[in-house]
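Novice: curious how this folds, go ahead:
(chains A, B and C)
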Amino acid sequence: MSNGIKLESPLFYFQSSFNKSTSADELFNAEAECGLVVKEAPLSAHLILRGDSNDIAFCAAVAETLGVVLPLKSCTYHQEGNTSIYWLGPSEWLVIESAGQAQIIEAALRKALKGHIAIVDVSGGQTCINLRGVGVATVLKKSTVYDFEAWDLATSNAGRAVQTTFAKASAVISNRSDGSYDLVIRRSFVDYIAQWLLDAGEEFGCRIEQG
Amino acid sequence: MSQNRLESHSGVAIDFTFNGKAYQGIAGDTLASALLANGVNVVGRSFKYARPRGIFGHGAEEPNAIVQLGSGAGTIPNLKATQVELYQGLQASSVNGWPSVNFDVMGLIGAFGRLMPPGFYYKTFMYPKKLWMTYEHFIRKAAGLGATPVEADPDCYDKLNQHCDVLVVGAGPAGLVAAREAARTGARVIIADEQSQFGGTLLASKQQVDGIAAPLWVASLVAELMAYSNIQMLPRSTVFGYYDHNFLTILERRTDHLGLISTRGARQRLQRVRAAQVVLATGAFERPLVFAHNDIPGVMLASSVSTYVNRYGVAPGNKLVVFTTNDNAYQTALDWQRIGREVVAVVDTRSNPCGDTVAAVKAMGIEVIAGHGLIEAQGSKRVKRALVAPINEAGTQVTGAVRRLACDLIACSGGWSPAVHLSSHTGAKPEWDASIVGFRPGDSKQQERSAGASRGTFDLMGCLSEGASAGAQAAMLSGYGDGNLQFPAIAVDEYSEQPQQALFLVPHTKTTSRAPSQFVDFQLDVSASGIELAVREGFESVEHVKRYTALGFGTDQGKLGNINGMAILANALDQSIAETGTTIFRPSYTPTTFGAIAGRDVNNLFDPERYTAVHRWHVEQGAQFEDVGQWKRPWYFPKQGETMQQAVDREGLAVRNSVGILDASTLGKIDIQGPDAAEFITRMYTNSYLKLAPGKCRYGVMLKEDGMIFDDGVCACLGDNHYLMFTTTGGAAGVLAWLELWQQTEWPELQVYFTSVTDHWTTATVTGPNARKVIAKVCSDIDLSSDTFSFMDWRDGTVSGVKARVFRISFTGELSYEVNVPAHYGRHIWEALIAAGEEFNITPYGTETMHILRAEKGFIIVGQDTDGSMTPADMNMDWVVGKNKAFSFIGRRSLQRSDTVRSNRKQLVGLKPLNDKEVLPEGAQVVFDAKQKIPMAMQGHVTSSYYSASLGHSIALAVVKGGHKRLGQVVYCPLADGRSIASEIVSSVFYDPKGERHHV
Amino acid sequence: MLLIYCPHCQENREEEEFSYGGEAHIVRPLAPEALNDKDWGDYLFFRTNSRGIHHEMWYHAVGCRRYFNATRNTVTYEILETYKTGTQPTITGANS
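Specialist: Numbers count the residues shown, from 1 in each chain, chains lettered A, B, ... in the order given. Below is the predicted model:
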């Protein structure tokens, strides 16, 4: 940020206190050893969108404005480019966009949507981390009661997302096409979750990466 | 080579110690098999009579060989030696037997066993009452229950949440084939077995299966299963509980067999399994026979003797007498003969045994003494002889002369009891089946079925075919396969068996009460005469007899003794076993470590610590923290050498005289949008929000429908149909659920959406007479003058370059600005405010000062000054209750109930101690007369109490019956130390009663 | 540990995601002030406490944040059906 305004991601302190500075070579070696790699995504715009999914005009206007079809099927998400929409409930979605877009998107949606809707900027309150590595499936079993294995066994498993418990906190967990998982977690729980992940991933080798 | 180790059996030597003495076992041993190999007779003392006891069984049923492993932090008490896998350097000791197993003071009591009937302790040590603790200490120490480690457990534990289609419990013959049938359908299968190796009884069997030795057949089947990607195989894993909706818990012992403390990874893992279908193939326990002195070391289960011989290569004696009611135990005589040791005789209670194994034994030239009972064992620390006598057909009387057989080992078998424990956990009631002389699992209460011995099917062919069917059926019901078996029938060579005799108490020449003790439950020394005595004393229900005699209360949970005990009870009550029934088995099947139950939820991961975006700044400044819900909030900021009181005095005075800053980010915040938002909010709060204009805030109190205060906070109108509601820090989630409840279930017609934004905002409260000057330095686009931005207004603006929302609300009674920015900018804005306030000596303060400042103003804290039984009127807050609201807001009707309009309700008042430096303890009871007798008439209690530096005296808030009409009265708080503190009841507003300071 | 089918998420989910909401189908009186203390007390405090079939609310707190109803057998803990708020159960004490 310019003009001396300091911007801190939720994982900022955790990373600086736990990450040793590693050269590229060391990173490569560490990659081979680590069964769990946790990486925080760059800060993004997060918005909660509320509206009536039975309202065709509403759904169409969202798709038109965001360029992503609103997911109506439970426990799924849609993504196009930098824009993702997660189904959180029958009238509730999470929109994730590039940083700095929150107010622009909110304004555009408010202009396009009619009737009873809500749009709430929650960008400061959450962050997205990615879990990858051979230990991820086991770490998920340690941390959640949800049956993520069933996603892998399903014939079509693209674009699944659920909100569930994660250790003693909660997360919106989605699968990625590369086999990794994204977790959207609340800012105030981030240190707890990061410590939990380091502990859970210890048996595989675990590393937290800068976003 | 140890004295009892068979020469045919060898392996890598393993050194271990037992009760301080060094021994050697071999790889593959359990502690029990190694002790037997070394000829260790006495492994413990019984609980009550301290009788010497030896190893009796070979698995989870073992009642006697209870050991403690290691010492120090990693020590593990109360393990069964039969389930402890030997490792190099293992150190074990008996838990029973103080000061030693071979000589102990309680042994004297053993000599007077008859003097200690059931309930002995209750009856004998009841008086004088105050000595009971002394008695209990002595008895417990002597009885020995193992020693708990006193240091923190050095091991780590873990949990896994699993989901599967078919969970197979037990990897004996039935379980293995069940798993194969299920796995081949593609279903997700988990198979768990408590032993280190899969195979169950087949591991010790000399039978041929599919033309090869049983253990080889097991090995090939296990290899076949391992090739499936959809099966998880869990050895050393005990399924110990079966809960609602097919939820089962497994204790997986990952490193216990390697050493005391795990050097890599979790020692044990609790696997929490949600299974669509369950196959219970948990096998059966052999039942001991109840005869006089059947507890002398050297008396064992017949199947255990065979297992030690066949699987571990250990002969636990030399001269064997087999005592049986069935054909199955003859196998033990054959096994013993095969290793070249002497079988003295087989004593069979049946008058004319004639099955295949009987014929085989006779063909070996072994004497079969039919129609006889082994009525008594003799010996002290080892069996020396068996007394054998003819008995009648019914097995109730000795009918002839006693014969003595010299021997050092008695293998007994009273038939087999299906392991119905897990089935019982589901609520299924075991049903007595006379044809198997045992309880079968009752009708399924969940998605489970039993197969094999646990269902009362004891022949190998039956176990295999039942297991296969159960596996296929379970898979089909979980959506895989068509239920048909794929694998062909397995050829098994098997003996045909004749019916067994149901015999639960072997008669003696003397009556049960006169005969030497005939033990039913070895671990807790419950004897047949004890059960009969309990009946004579009037106990009839099996559950009561269990508790009176302690039958089945040991760590073996009655796996051996229960059926015999029930049968003896039934006989004493002159009713059938079916009528008597069995006690209910509950989790855990075998003891489970607390470590596994806790998993990784320990130390810093015990409970989430929630941090605000400014947390690190607080840490850097040396703040002391207070837990508020899961949040860590700064409690106070001590400077070098300051006590808490000094810090808090300084912080409070800074706010009153200049300016302070508080991190208020933890307050709950809910964004509310929709055309009916104002109407909805007005229904939830006691006051009205219908006319609240954008830019304005209002304080509100929320009631439950019973009229009691539930939460409070400020609600701001952000724009048309758009509000922001603040909640208490601890109440945030509860308030959101409360709003959703009413909107979703009662008034779905009201169009309003709620979203939690607690984490999105960092809130910095700048408060004190100089607050405006501080804000003015970092904010240029808000007109801060009191006329345009007055108390209970909010404004959008830019603070230190960041878009912010600034609220003029006050919890201190001073001029206050609450600056809200998205949390990523939290530290930036905080440091900017600190810098701007430097010239005014801006002072960060914590929750303690916040509490004092608000108490000086008489502002309540919900949950501290209220406890769920306080109305707004009780809190002297009638002003917050809208009198003319059209809608009957939540809780309004209850404010008119006869109980809520009582005049003598506890009401909030201020207390000023007469000694004005004395701080009342919070929670102290309030009485009107300190001289009255105890118990005193309690009139209320202190809810908040502090020393106020601003006022120069201590203050308290209290709820006192009828308190609002008692201003000026003196009340007393009697304390535990005998003092009584006198205080005057005063207004709850101590500071700036007119509220002039925050309006500037 | 119950396994609960959320009618909005359309999946079986573990109990720890939910919180219990008490008896379902209790309608708030439209005019509370018109009730005497006894009738208001009945609404406030008294519940059927059924043995067997029971209709109750559950909140999918760590999930879709929707309330819905379940028909549960209070003896066996079996959940016989779940259904959305505003709809009626198909299984009742009368037809079970």
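Novice: please enumerate the strands of the stretch 51-200 of chain B.
Specialist: All strands of the stretch 51-200 of chain B, identified by DSSP state E, counting those that start in this stretch, fall at B:52-53, B:66-69, B:76-80, B:90-94, B:157-169, B:189-192.
Novice: kindly reformat the ones you listed as CSV containing mean neighbour count and distance to B:E393.
Specialist: Backbone N, C-alpha and C define where each C-beta goes, glycine included. Shown next, in CSV, are those (neighbours: other C-beta atoms under 10 Å in any protein chain shown; distance: least, C-beta to C-beta, whole Å):
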stretch, mean neighbour count, distance to B:E393
strand B:52-53, 28, 33
strand B:66-69, 24, 39
strand B:76-80, 21, 38
strand B:90-94, 22, 42
strand B:157-169, 25, 39
strand B:189-192, 28, 44
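Novice: tell me what the spatially most central residue of chain C is bridged to.
Specialist: With distances taken as C-alpha atoms, centre = their mean, C:E56 lies nearest the centre of chain C, 1.5 Å away. Here C:E56 sits in beta bridges with C:E23, C:A70, going by DSSP bridges.
Novice: distance of it from chain A?
Specialist: Applying C-beta to the nearest C-beta, to the nearest Å, the value for C:E56 to chain A is 20 Å.
Novice: what residues does that residue make contact with?
Specialist: Contact analysis of C:E56 by C-beta atoms under 8 Å, 6 or more residues apart in numbering or on different chains lists C:Y20, C:G21, C:G22, C:E23, C:A24, C:N69, C:A70, C:R72.
Novice: and these, which are buried?
Specialist: Buried by 16 or more other C-beta atoms under 10 Å in any protein chain shown: C:G21, C:A24, C:N69, C:A70, C:R72, out of these.
Novice: which of the helices or strands spans the last one?
Specialist: When you say that, I think you mean C:R72. strand C:67-73 (DSSP states H and E).
Novice: which residues touch the helix or strand hosting B:A32?
Specialist: If you go by DSSP H and E, B:A32 is part of helix B:31-37. Helix B:31-37 has contacts (C-beta under 8 Å, 6+ apart) with B:2-5, B:14, B:16, B:18, B:23-26, B:29, B:43, B:55, B:58, B:62, B:65, B:67, B:80-82, B:84-86, B:90, B:92, B:308, B:312, B:314, B:316.
Novice: elements contacting the helix or strand that contains B:Q24?
Specialist: In this structure, B:Q24 sits in strand B:21-26 according to DSSP H and E. Other helices and strands packing on strand B:21-26, by 3 or more C-beta pairs under 8 Å, 6 or more residues apart in numbering or on different chains; DSSP states H and E, are strand B:13-18, helix B:31-37.
Novice: that older thread, helix or strand right after the strand holding C:R72?
Specialist: strand C:79-84.
Novice: mean confidence (pLDDT) on that following strand, please.
Specialist: Mean pLDDT, computed over strand C:79-84, is 98.
Novice: chain C versus B:N310, what's the distance?
Specialist: Remark: distance between B:N310 and chain C (C-beta to the nearest C-beta) = 41 Å.
Novice: and that residue, what does it touch?
Specialist: B:A204, B:S205, B:K206, B:D335.
Novice: repeat for B:L975
Specialist: For B:L975, the contacting residues are B:P921, B:A924, B:I981, by C-beta under 8 Å, 6+ apart.
Novice: now do the phi/psi pair for it.
Specialist: In terms of degrees, to the nearest 10, the main-chain angles of B:L975 are phi -110, psi 170.
Novice: and it, how far from chain A?
Specialist: 38 Å.
Novice: now B:A227
Specialist: Distance of B:A227 to chain A, computed by C-beta to the nearest C-beta: 18 Å.
Novice: grab the nearest non-local neighbour of B:Q232.
Specialist: B:I190 (4.6 Å; C-beta to C-beta, 6 or more residues apart in numbering or on different chains).
Novice: ok so, going back, any of the contacts of helix B:31-37 buried? List them.
Specialist: B:2, B:4-5, B:14, B:16, B:18, B:23-26, B:29, B:43, B:55, B:58, B:62, B:65, B:67, B:80-82, B:84-86, B:90, B:92, B:308, B:312, B:314, B:316.
Novice: how about low-confidence regions in chain B?
Specialist: B:1-2, B:96-145, B:264 (pLDDT under 70).
Novice: nearest residue to the middle of it?
Specialist: Nearest to the geometric centre of chain B sits B:I597, at 6.2 Å (C-alpha atoms, centre = their mean).
Novice: residue contacts, it?
Specialist: B:I597 neighbours (C-beta under 8 Å, 6+ apart): B:L270.
Novice: can we see that at 10 Å?
Specialist: Going by C-beta atoms under 10 Å, 6 or more residues apart in numbering or on different chains, B:I597 touches B:Y157, B:K159, B:T249, B:L251, B:Q268, B:L270, B:S588.
Novice: go on, B:H245?
Specialist: By C-beta under 10 Å, 6+ apart, B:H245 lies in contact with B:274-275, B:446-447, C:1-4, C:12, C:14-15, C:77-79.
Novice: need the phi and psi values for it.
Specialist: phi 50, psi 40.
Novice: separation between it and C:I53?
Specialist: Counting by C-beta to C-beta, to the nearest Å, the gap from B:H245 to C:I53 is 17 Å.
Novice: in strands only, show me the contacts of B:L975.
Specialist: Among the contacts of B:L975, the members found in strands (DSSP state E) are B:I981.
Novice: which stretches of chain C form strands?
Specialist: Under DSSP E, chain C gives strands at C:3-6, C:11-14, C:19-23, C:53-59, C:67-73, C:79-84.
Novice: export these to JSON lines and tack on distance to A:Q163?
Specialist: Compiled in JSON lines, these are given as follows (distance: least, C-beta to C-beta, whole Å):
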{"stretch": "strand C:3-6", "distance to A:Q163": "11"}
{"stretch": "strand C:11-14", "distance to A:Q163": "10"}
{"stretch": "strand C:19-23", "distance to A:Q163": "14"}
{"stretch": "strand C:53-59", "distance to A:Q163": "13"}
{"stretch": "strand C:67-73", "distance to A:Q163": "15"}
{"stretch": "strand C:79-84", "distance to A:Q163": "18"}
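Novice: please identify the most buried of these.
Specialist: Neighbour counts (mean count of other C-beta atoms under 10 Å in any protein chain shown) averaged over each of these peak at strand C:67-73, with a mean of 22.
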